[in-house]
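Make a model of this:
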Amino acid sequence: MKVLVQGHTLAVGLNGKSEILRELPIELTSVDTASQAVSFLKLERFDGVITRWRLDDASEGDFLKKLRLVRPDTPAVVLVDSGNPAQEIMARSIGVSAVLTENCSDELLLATVAAVLGIDIPDAVHAENARTAKKTIMKM
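Okay, the predicted model is just below:
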């Protein structure tokens, strides 16, 4: 079954977490660093950005602060350190769309990104998440 692509999204510094986003009907560009992200942002339009608060080449939300200056209307989801409310407060103060902790579940990440981008999660993803949850419960 073909699913129409519903947006172009930039994932920055998510490592393995970006793979789960490929289940959404989005075109995903995934990069490791803020400098790579800036290069893409100069050349392409993105419907949303998902990034970690701290990147190897941009600490303490510097990438998001710059993004907000040049693209204030681009929805952004940020992953902050678990147990660090200061990062969440700073992220919210610069106007991100959603804040999650880095150890959030794949399901929560998918649901949050879908909600922020205003897209539907395909039924196949819902079914797979239900199977995964059932297997996890059965192992307990």
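
all helices in the protein, in order from the N-terminus.
17-21, 34-43, 62-70, 85-93, 106-117, 123-139 (DSSP state H).

Can you lay out these as a markdown table showing mean pLDDT?
Formatted as a markdown table, the helices of the chain follow (pLDDT from 0 to 100):
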| stretch | mean pLDDT |
| --- | --- |
| helix 17-21 | 93 |
| helix 34-43 | 95 |
| helix 62-70 | 94 |
| helix 85-93 | 96 |
| helix 106-117 | 95 |
| helix 123-139 | 44 |
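
Spatially central, which residue of the chain would that be?
residue 50 (3.0 Å; Cα atoms, centre = their mean).

That one contacts residue 15, doesn't it?
No: using Cβ atoms under 8 Å, residue 50 makes no contact with residue 15, being 12.0 Å away. Using the backbone N, CA and C atoms, a C-beta is placed for each residue, glycine as well.

re earlier: kindly reformat the helices of the chain as CSV containing mean neighbour count and distance to residue 78.
Listed next are those as CSV, based on neighbours: other Cβ atoms under 10 Å; distance: least, Cβ to Cβ, whole Å:
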stretch, mean neighbour count, distance to residue 78
helix 17-21, 17, 12
helix 34-43, 16, 13
helix 62-70, 17, 6
helix 85-93, 15, 5
helix 106-117, 18, 10
helix 123-139, 11, 22
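
so which of those gets nearest residue 28?
Relative to residue 28, the nearest member of the helices of the chain by Cβ to Cβ is helix 17-21, separated by 5.5 Å.
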